[in-house]
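*Asks:* Next input, structure requested:
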Amino acid sequence: MNFVRWILGRLVLAYDVLTRPKPVIRDAAAQAELDSKTKNFALYQFNACPFCVKVRRELRRHALNIELRDARNDAEHKQALIDGGGRFKVPCLQISSGSGEKTWLYESDDIIAYLKSELELA
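*Replies:* Okay, here's the model as predicted:
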């Protein structure tokens, strides 16, 4: 079973590389404003997870600079996801407020919808 997952993961990654969307081009001021809005976001993800790939493609499409945290290969990130989010499930968007409060958002479609509405993306 692990071999099948490994093969499928490589196929997902190959598809992503071959069909990667081009990022939107913004002027420097607009990109800097968007970067300031996303500086407190972090995406916990696995490299070959198809749902994580879906979210990463949207991040690239909209040129969003959000920190990617590998919850599979980094024990510290894995533990932070379990402690903060309550479960070991990806993708998960960690949203830190200015006061230090953290919100954990799971599900790829919910993450994409949140980013589009919160950041006013088309």
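
*Asks:* Would you state the helices of this protein in chain order?
*Replies:* 2-18, 28-38, 50-61, 75-85, 108-118 (DSSP state H).

*Asks:* will you turn these into TSV that also has mean pLDDT, mean neighbour count and distance to residue 67?
*Replies:* Heads up, the C-betas are built off the backbone N, CA and C, glycines and all. Shown next, in TSV, are the helices of the chain (pLDDT from 0 to 100; neighbours: other CB atoms under 10 Å; distance: least, CB to CB, whole Å):
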stretch	mean pLDDT	mean neighbour count	distance to residue 67
helix 2-18	90	11	19
helix 28-38	95	12	9
helix 50-61	97	19	10
helix 75-85	96	14	10
helix 108-118	96	16	14
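
*Asks:* Residue 102: which of the ones you listed is closest?
*Replies:* Evaluated with CB to CB, the helices of the chain place helix 75-85 nearest to residue 102, the distance being 5.8 Å.

*Asks:* elements contacting that closest one?
*Replies:* Packing partners of helix 75-85 (3 or more CB pairs under 8 Å, 6 or more residues apart in numbering; DSSP states H and E): strand 41-45, strand 67-70, strand 92-96, strand 102-106.

*Asks:* Give me the contacts around stretch 82-102.
*Replies:* 40-46, 49, 51-52, 55, 66, 71, 78, 81, 103-108, 111, 114-115 (CB atoms under 8 Å, 6 or more residues apart in numbering).

*Asks:* Counting neighbours, show which residues of that stretch come out buried.
*Replies:* 85, 90, 91, 92, 93, 94, 95 (16 or more other CB atoms under 10 Å).

*Asks:* Give me the pLDDT for residue 122.
*Replies:* pLDDT for residue 122: 69.

*Asks:* so what's the most centrally placed residue in the chain bridging to?
*Replies:* What sits nearest the mean C-alpha location of the chain, by CA atoms, centre = their mean, is residue 43, with 3.8 Å. With beta bridges defined as DSSP bridges, residue 43 has these partners: residue 68, residue 93.

*Asks:* residue contacts, the residue nearest to residue 35 when sequence neighbours are not counted?
*Replies:* Nearest non-adjacent residue to residue 35, counting by CB to CB, 6 or more residues apart in numbering: residue 65, 5.2 Å away. Going by CB under 8 Å, 6+ apart, residue 65 touches 34, 35, 38, 39.
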